[in-house]
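Undergrad: Test case, fold it:
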Amino acid sequence: MTVNQADKPETITSKSVVHGKFCLMDILEMETYFALFQSMRRSKTLTTMVIIGSVLAAVFVLFLFKMAGH
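TA: Residues are numbered from 1 along each chain as shown. Below is the predicted model of the structure:
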């Protein structure tokens, strides 16, 4: 161990996994959509941006289908 490593205190988070066991919440937090929905609950601006982006993407896909002749 070097001097710098000895000076740093070990930090243990409350979410650390003990003995390799996972609970359902740990597994859900690994999903990117879960994190997005958590952030959207806290931010009205993000929610609005996601809704507008989804609508624009759907309109663009409909436009492409219409141009393809379907």
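Undergrad: need the next SSE after the least confident helix or strand in the chain by mean pLDDT, C-terminal direction.
TA: Within the chain, no helix or strand scores below helix 3-7, which has a mean of 57 by mean pLDDT, DSSP states H and E. The C-terminal neighbour of helix 3-7 among helices and strands, as given by DSSP states H and E, is helix 24-29.
Undergrad: Could you list the buried residues of the helix or strand following that following helix?
TA: Of the helices and strands lying after helix 24-29 in sequence (DSSP H and E), the nearest is helix 32-42. Of the residues in helix 32-42, those with enough neighbours to count as buried (16 or more other Cβ atoms under 10 Å) are M40. C-beta: built from backbone N, CA, C; applies to glycine.
Undergrad: Please work out which residues outside helix 32-42 touch it.
TA: Contacts of helix 32-42 with the rest of the structure, by Cβ atoms under 8 Å, 6 or more residues apart in numbering, involve 28-29, 46-47, 50.
Undergrad: where are the low-confidence patches of this protein?
TA: By pLDDT under 70, the low-scoring segments of the chain are 1-20, 70.
Undergrad: and the top helix by length along it, how far out from the chain's middle?
TA: Longest helix of the chain, by residue count under DSSP state H: helix 44-68. Computed by Cα atoms, centre = their mean, to the nearest Å, the chain-centroid distance of helix 44-68 equals 20 Å.
Undergrad: Show me what counts as buried in it.
TA: By neighbour count on 16+ other Cβ under 10 Å, the buried set for helix 44-68 is empty.
Undergrad: helices or strands next to it in the packing?
TA: The helices and strands touching helix 44-68, judged by 3 or more Cβ pairs under 8 Å, 6 or more residues apart in numbering; DSSP states H and E, are helix 32-42.
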